[in-house]
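Asker: Here is a sequence together with a model predicted from it:
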Amino acid sequence: MIDSCLASVSVHVVSLVIPVGDFEHLPRQLGCSLLRRSTVFELSGDRRGCELWFELDGERAKLTHLSVRDDPRGRFMHDVAALIVAYQGSLEATLEWRPAREHPRLVIAQGETSHPLLDEQPGAWAPVDEVNLPRVEKWLEVAQRAWREYRALRGQTEPDHR
């Protein structure tokens, strides 16, 4: 399969409201960084141009801005779509892929969609009640566990001060 990139997303309609308390775990689940500016939460992906802005209103945050550009294989957009589905939000957007792909229109209505974007990377985003570590932290955890097992097999029990 040819590697594809989601070049841009044109948002026509978006509606998403999330409890403010959920922002304690959302950055880890989405593999994003969170920046708070007075009444705005900004979630930014690891690629420039992939971000969500939420306006705070009491104990709720409303999505006011969604930007996706140059998203390899649509990973960030997949997670955003899964988030909208999980919180029963709505989205109508046009997806521009390089190279071009089928199904350029993404429609999520009150948390329901049949768009194949959500089928492409199953398990990449967990439900809200499960907290997942970003990919790099998972790899580090696996590497540390393997290092401990290796040291145990070699009979090295003293701490490693690297």
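Answerer: Thanks, I have the structure now. Numbers count the residues shown, from 1 in each chain.
Asker: is the closest residue in space to Val68 that isn't next to it in sequence in a bridge, and if so with what?
Answerer: In space, and not counting its chain neighbours, Val68 is closest to Val9: 4.0 Å by Cβ to Cβ, 6 or more residues apart in numbering. Glycine gets a C-beta too; all of them are placed from N, C-alpha and C. Beta-bridge pairing of Val9 under DSSP bridges involves Leu95.
Asker: In this structure Val9 contacts Glu92, no?
Answerer: No: using Cβ atoms under 8 Å, Val9 is not in contact with Glu92; the gap is 10.9 Å.
Asker: and the residue lying closest to Gly49 once chain neighbours are set aside, how far is that from His12?
Answerer: Once flanking residues are discounted, Gly49 sits nearest to Arg69: 3.3 Å by Cβ to Cβ, 6+ apart. For Arg69, the distance to His12 (Cβ to Cβ, to the nearest Å) stands at 17 Å.
Asker: which of these two has more neighbours?
Answerer: For Arg69 versus His12, neighbours defined as other Cβ atoms under 10 Å are more numerous around Arg69 (16 against 11).
Asker: For that one, give me its contacts.
Answerer: Applying Cβ atoms under 8 Å, 6 or more residues apart in numbering, one finds that Arg69 lies in contact with Ala7, Ser8, Val9, Arg47, Arg48, Gly49, Cys50.
Asker: Which of the residues you listed fall in helices?
Answerer: Among the contacts of Arg69, none falls in helices (DSSP state H).
Asker: Now the buried members of those.
Answerer: Among those, the ones that count as buried by 16 or more other Cβ atoms under 10 Å are Ser8, Val9, Cys50.
Asker: CSV please, covering those residues and showing distance to His25.
Answerer: Formatted as CSV, those follow (distance: Cβ to Cβ, whole Å):
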residue, distance to His25
Ser8, 29
Val9, 24
Cys50, 19
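Asker: Any chance of TSV for these, columns pLDDT and distance to Tyr87?
Answerer: Listed next are the buried ones among the contacts of Arg69 as TSV, based on pLDDT from 0 to 100; distance: Cβ to Cβ, whole Å:
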residue	pLDDT	distance to Tyr87
Ser8	93	24
Val9	94	18
Cys50	92	19
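Asker: Might one say that Gly111 is in contact with Leu83?
Answerer: No: checked against Cβ under 8 Å, the pair Gly111 and Leu83 is beyond contact range at 10.4 Å.
Asker: So for these two, which sits in the more crowded spot?
Answerer: A direct count of neighbours by other Cβ under 10 Å for Gly111 and Leu83 places Leu83 higher, at 21 against 13.
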